[in-house]
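S.K.: Return a 3D structure for these sequence lines:
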Amino acid sequence: MTVHPTIAMFDLNGPQLMVGGLPVGQLAERAGSTPFFVYDRQLITARVETLRSVLPSGIRLSYAVKANPMPAVVQHLAGLVDAFDVASAFEMKTALDTPMRASDVSFAGPGKTAAELAQAIAAGVTIEMESANEALRIVEIGGRLGIRPRVALRVNPDFHVKGSGMRMGGGPQQFGIDAEQVPQLLDKLRTLDLEFLGFHVFAGSQNLHAEILCDALASSVALLLQLAESAPWPVRYINLGGGFGIPYFEKDQPLDLPRIGVRLGELMDRVIRQRLGDARVVIELGRYLVGEAGVYVTRIVDRKVSRGKTYLVVDGGLHHQLAASGNFGQVIRRNYPLAVAGRMQEPELESVSVVGCLCTPLDLLGDNIMLPRAEIGDLIAVFHAGAYGLSASPTAFLGHPAPVELLV
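M.R.: Got it, this is the predicted structure:
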């Protein structure tokens, strides 16, 4: 069979796919039913170790919990990374249930409610302020609670990052405060009772182009150093975001991580340390840490031929794996890598389409793909299921049961 780089991360020595050293068929029995998600903790650990070996020693690594908020995954990462970034009160609770210190948790996202802000202030996490109005609400809530809020400004940069799967900076955005408005807002904050730490910028996600990411990091550093001159307090924290991509599709090339490490080292040594001293410098990653460590497993419940086209109908679908169906972030739909989990060594004999159990033509997991001959009862493994899988899917659509998640 044609081996996609992601599939090669798993044990392919036998006929059955192995995840975490266990055959998928055995994991299906452990889960109790299909479909289910399974995440390999060793692969997550290995990815963090790879990053540590390449990134400069002064860089702190933060996990964006939104990528995969499964409590067991977050607990595992608490012992591997330096910080967590959360985007809701529920994610914040998940993070605070781990050994991670509250002061190493940051809370970003537009539209934080007063209740969420109060929870964050009471917990002592760092709030990434997204607007001037939010800043005023934070001050009011902090005064009511008698707690000085820990804050940073999220900056909407004045540049775009090309090649990102999703742009979250540059131009008009609901995210952050426009860079040109930051000095004026900092001047207003000068008289308010806040513990100001620094700045956060996140310009885009899922980028596989090391040269573009290096330029974006350099531009982000230059912008934040410029804004630091307007800060009425010492800048002790800068979050440079992330956006490191993983190769989802056949022609995708893995990110040249060493090149990014070298560029970050230059920025740390020649620019940041000279200007900001001992400020904490953070790289925030989600998908890059967990995306390739997960598999979605679903069982074939029917096999049919319609006007010459073969369909494998499975008991899962887009209600669990919206991204794999092409309905989350893809402009032109492309197939995620998938395999017949019990026939890993068999030749690809037929072109099929793998479809889910939902009553919509959008429920398509693999379109016109070559697979070994598969029968009812066989397990289909969909790779790249470690990030933006279950939590990014419409699980209530049509009322099917929620899948089990396993960390092995």
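S.K.: Could I get the contacting residues of the closest residue to Lys66 other than its chain neighbours?
M.R.: Leaving out its chain neighbours, the residue that sits closest to Lys66 by C-beta to C-beta, 6 or more residues apart in numbering is Ala87, at 4.9 Å. Any C-beta I mention is one placed from the backbone N, CA and C, and that applies to glycine too. Taking C-beta atoms under 8 Å, 6 or more residues apart in numbering, we find Ala87 in contact with Ala64, Val65, Lys66, Phe107, Ala108, Gly109.
S.K.: 10 Å - rerun?
M.R.: Ala64, Val65, Lys66, Pro69, Ser106, Phe107, Ala108, Gly109, Pro110, Lys112, Glu128 (C-beta atoms under 10 Å, 6 or more residues apart in numbering).
S.K.: farthest residue from the center of the chain?
M.R.: Arg307 (40.1 Å; C-alpha atoms, centre = their mean).
S.K.: which stretches of the chain form helices?
M.R.: Along the chain, counting by DSSP state H, helices occupy 24-31, 41-54, 71-78, 89-96, 114-123, 132-145, 182-189, 210-228, 257-267, 273-276, 287-290.
S.K.: wait, which of these is closest to Val354?
M.R.: If you check each of those against Val354 by C-beta to C-beta, helix 24-31 wins as the nearest, at 15.8 Å.
S.K.: buried set for that closest one?
M.R.: Residues Val24, Leu27, Ala28, Ala31 are the ones in helix 24-31 that count as buried (16 or more other C-beta atoms under 10 Å).
S.K.: same deal with stretch 181-192?
M.R.: Val182, Leu185, Leu186, Leu189, Leu192.
S.K.: what's near enough to touch the closest residue to the last one other than its chain neighbours?
M.R.: Taking C-beta to C-beta, 6+ apart as the measure, Leu192 lies nearest to Val139, with 4.9 Å between them; neighbours along the chain are not counted. Each residue near Val139 by C-beta under 10 Å, 6+ apart is listed here: Arg148, Pro149, Val151, Leu189, Thr191, Leu192, Asp193, Leu194.
S.K.: of these, closest to Ile59?
M.R.: Of all these, Ile59 sits closest to Val151, with 22.1 Å by C-beta to C-beta.
S.K.: For Leu349, state which of the contacts of Val139 is nearest.
M.R.: Nearest to Leu349 out of the contacts of Val139 is Val151 (C-beta to C-beta; 59.3 Å).
S.K.: count of residues packed around that closest one?
M.R.: When neighbours are counted by other C-beta atoms under 10 Å, Val151 registers 26.
S.K.: In terms of distance to Tyr39, which of the contacts of Val139 ranks first?
M.R.: Of the contacts of Val139, the one sitting nearest to Tyr39 (C-beta to C-beta) turns out to be Val151, at 33.1 Å.
S.K.: rewinding a little: make a markdown table out of the buried residues of helix 24-31 and add distance to Leu276.
M.R.: Listed next are these as a markdown table, based on distance: C-beta to C-beta, whole Å:
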| residue | distance to Leu276 |
| --- | --- |
| Val24 | 48 |
| Leu27 | 47 |
| Ala28 | 51 |
| Ala31 | 48 |
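S.K.: re earlier: pick the most buried one from the helices of the chain.
M.R.: Compared across these, helix 287-290 shows the largest average neighbour count, a mean of 27 (mean count of other C-beta atoms under 10 Å).
S.K.: if we look at it, which residues are touching it?
M.R.: Residues outside helix 287-290 that contact it (C-beta under 10 Å, 6+ apart): 39-40, 43-45, 47-48, 50-51, 61-64, 66-68, 70, 73-74, 76-77, 80-81, 165, 205-206, 242-246, 248, 255, 257, 384-389.
S.K.: Show the buried residues in the residues you listed.
M.R.: Buried among the contacts of helix 287-290 (16+ other C-beta under 10 Å): 39-40, 43-45, 47-48, 51, 61-64, 66-68, 70, 73-74, 76-77, 80-81, 165, 205-206, 242-246, 248, 255, 257, 384-389.
S.K.: domains of the chain?
M.R.: Following automatic domain parsing, one finds the domains of the chain at 7-39+291-407, 69-285.
S.K.: Distance to Leu55 and mean pLDDT for these - can I get that in CSV?
M.R.: Converted to CSV, the domains of the chain look like this (distance: least, C-beta to C-beta, whole Å; pLDDT from 0 to 100):
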stretch, distance to Leu55, mean pLDDT
domain 7-39+291-407, 18, 94
domain 69-285, 5, 90
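S.K.: Dump these into TSV; add distance to Pro56 as well.
M.R.: Below are these laid out as TSV (distance: least, C-beta to C-beta, whole Å):
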stretch	distance to Pro56
domain 7-39+291-407	23
domain 69-285	4
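S.K.: To Ser57, which of the ones you listed lies closest?
M.R.: Between these, domain 69-285 lies closest to Ser57; by C-beta to C-beta that is 8.9 Å.
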